[in-house]
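Enquirer: Curious how this folds, go ahead:
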Amino acid sequence: SSVAGKIGAPMRTAYCAAKFAIHGWFEAFRIEQNVAGNPVDVLNVVLGSTRTNAARNALTSSPDIKFGEDCVDRNIEGGLDPDFVVERVVAS
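Expert: Numbers count the residues shown, from 1 in each chain. Predicted coordinates:
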């Protein structure tokens with residue numbers, strides 16, 4: 001998931017809504033499975049900024065303008081290396 005599933009972020013309304021939904025779905029799924037006698041553990045990884053093209057490809061409030069074309073997202077540019085993130089998640 002993403003920190004955006006815990007805190008809203010401007011210009012990322014749809015993204016935040018999707019991430020909040022992931023948290024709710026997995027929480028409800030875990031509870032339902034436990035009640036049904038099929039206990040499961042769920043690990044929902046909440047990442048901070050990671051240097052990927054996701055932010056560069058995100059849309060602004062105008063569907064014709066991509067976020068990365070007009071400004072640099074310093075949080076993403078200074079974010080974690082994707083390979084490092086993968087190693088830590090797999091190790092979890």
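
Enquirer: For the nearest residue to residue 78 once chain neighbours are set aside, give its distance to residue 81.
Expert: Spatial nearest neighbour of residue 78, excluding adjacent residues (C-beta to C-beta, 6 or more residues apart in numbering): residue 49 at 6.8 Å. Placement of C-beta: from N, CA and C, glycine included. Applying C-beta to C-beta, to the nearest Å, the value for residue 49 to residue 81 is 11 Å.

Enquirer: which one of the two has more residues nearby?
Expert: A count of neighbours by other C-beta atoms under 10 Å puts residue 49 above the other of residue 49 and residue 81, at 16 against 10.

Enquirer: contacting residues for the more buried one?
Expert: Going by C-beta atoms under 8 Å, 6 or more residues apart in numbering, residue 49 touches 75, 76, 78, 79, 80.

Enquirer: Among those, which one sits closest to residue 38?
Expert: For the contacts of residue 49, the residue nearest residue 38 by C-beta to C-beta is residue 80; the value is 34.3 Å.

Enquirer: Now for the closest one: which residues touch it?
Expert: 47, 48, 49, 50, 51.

Enquirer: Local confidence estimate at residue 37?
Expert: If you check residue 37, the pLDDT there is 97.

Enquirer: Can you tell me the SS state at it?
Expert: coil (DSSP: H, G, I helix; E, B strand; the rest coil).

Enquirer: Return the distance of it relative to residue 20.
Expert: 29 Å.

Enquirer: And these two? Which one has more around it.
Expert: More neighbours surround residue 20 than the other of residue 37 and residue 20, with 17 against 6 (other C-beta under 10 Å).

Enquirer: Roughly how far does the more buried one sit from residue 42?
Expert: Distance from residue 20 to residue 42, by C-beta to C-beta: 16 Å.
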